[in-house]
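Asks: just coords:
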């Protein structure tokens, strides 16, 4: 069962929580993040910092903090691993029962871990709001709406940023490996973890901004998302773009959905929603008209699980009918990749 949590009470019995922080040329903001970790009201079991070949003072800063705090452990890769490989390698080094994932340039609220440990219960994953901020004019809009983190939504758009995740370490043991190499190469670590937890219907959300998410224009993952904010103008533009690029994008998304289907099919005893979502993706891939009709029917049936918010029912029905087209907009980056 998926549920929401809001209260942040102190825990009388602490469980070991490992924080995993992967770094790469993050010296500019790393001290602020480490200070916020040390200041957590919940006693941390360990802070694992794994560097992926930084050429600035990142490792030096991390080592200085490790010298002052016994819970900090620093390691450096002998060669560059890349984001996914670095994070999964670091995650498996954690020895705590729970793991909190951390970015190198954010700031945590002092009660972040306390709130999430209180909320997670027997679920596999807990996440929270993160509030964007910028010091250099980068686009930073805080969407305070309740995110939709059903498996259907996550198939198209990741609503669970890695820097907000607290998870059971046992989630790593549920990740399939054989036949899923493409998934680990082309999808980010946070969506891989989120899809797995959602397939087991085991996610809880804390409706509180517990992370201050720094956005700056020269960040590796920075992009302005102003064109995706909810408005009539943006909706019309997205629909027009999706129809114009329908045939081209349909070919590009087939591999993406096939990869996700393979990944989900390798899970052991997931929730029944997993089988239904695989059927959903099969319809997305199909070129048969009858399957397109069935796809529209599934979009209408699962509209509350697909869209970010429930909204007004008549409006959502229209959105659901159009979703086989507008869903392509989530994968628009594939168009640029194919041109390279």
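Replies: On my side now, so go ahead. Bear in mind that the values here come from a model prediction, so they are computed numbers and not experimental data.

Asks: what helices and strands are in contact with the strand or helix carrying residue 250?
Replies: Using DSSP states H and E, residue 250 falls within helix 246-265. Applying 3 or more CB pairs under 8 Å, 6 or more residues apart in numbering; DSSP states H and E, we find helix 246-265 packed against helix 181-186, helix 189-199, helix 272-285, helix 333-338. C-betas here are computed from N, CA, C, even on glycine.

Asks: what's the angle between the host helix or strand of residue 323 and helix 272-285?
Replies: Residue 323 is located in helix 313-326, with elements delineated by DSSP H and E. Angle between the axes of helix 313-326 and helix 272-285 is 60 degrees (criterion: axes from the mean of the first three to the mean of the last three CA atoms, to 10 degrees).

Asks: could you tell me the angle between the direction of helix 313-326 and that of helix 246-265?
Replies: Relative orientation of helix 313-326 versus helix 246-265 (the same axes, to 10 degrees): 100 degrees.

Asks: how about helix 313-326: buried residues?
Replies: Residues of helix 313-326 classed as buried: 316, 319-320, 322-326 (neighbour count, 16 or more other CB atoms under 10 Å).

Asks: likewise for stretch 43-56?
Replies: 44-54.

Asks: residue boundaries of the helices in the stretch 1-150 of the chain?
Replies: In the stretch 1-150 of the chain, the helices defined using DSSP state H, counting those that start in this stretch lie at 30-38, 58-68, 83-91, 112-120.

Asks: name the spans of the stretch 101-250 of the chain whose pLDDT lies under the cut-off.
Replies: For the stretch 101-250 of the chain, the stretches with pLDDT under 70 are 137-138, 216-230.

Asks: pLDDT wise, what is residue 271 at?
Replies: Residue 271 carries a pLDDT value of 86.

Asks: what about it, how many neighbours?
Replies: Neighbour count of residue 271, defined by other CB atoms under 10 Å: 17.

Asks: repeat for the one 10 residues further on
Replies: The tally of other residues near residue 281 (other CB under 10 Å) stands at 20.

Asks: can you tell me which residues contact it?
Replies: 155, 257-258, 260-261 (CB atoms under 8 Å, 6 or more residues apart in numbering).

Asks: same check, this time on residue 189
Replies: 83-84, 87-88, 91, 162.

Asks: give me that answer again for 6 Å
Replies: By CB atoms under 6 Å, 6 or more residues apart in numbering, residue 189 lies in contact with 84, 87.

Asks: buried members of the contacts of residue 281 into ChimeraX, please.
Replies: A single ChimeraX command selects the buried members of the contacts of residue 281 (16+ other CB under 10 Å):
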select :155,257,260,261
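
Asks: list just the nearest of the contacts of residue 281 to residue 183.
Replies: residue 260 (7.2 Å; CB to CB).

Asks: and that closest one, how far is that from residue 28?
Replies: 35 Å (CB to CB, to the nearest Å).

Asks: one step back: list the helices and strands the helix holding residue 323 packs on?
Replies: Other helices and strands packing on helix 313-326, by 3 or more CB pairs under 6 Å, 6 or more residues apart in numbering; DSSP states H and E, are helix 232-244, helix 289-301.

Asks: what's the first one in contact with?
Replies: Going back to what we said before, that points to helix 232-244. Under the contact criterion CB under 6 Å, 6+ apart, helix 232-244 has outside partners 227, 325-326, 328-329.

Asks: could you chop this protein up by domain?
Replies: Domain ranges of the chain: 3-214, 227-338, per automatic domain parsing.

Asks: need phi/psi at residue 45.
Replies: phi -80, psi -40 (degrees, to the nearest 10).

Asks: same deal with residue 204?
Replies: Torsion angles, degrees, to the nearest 10, at residue 204: phi -130, psi 150.
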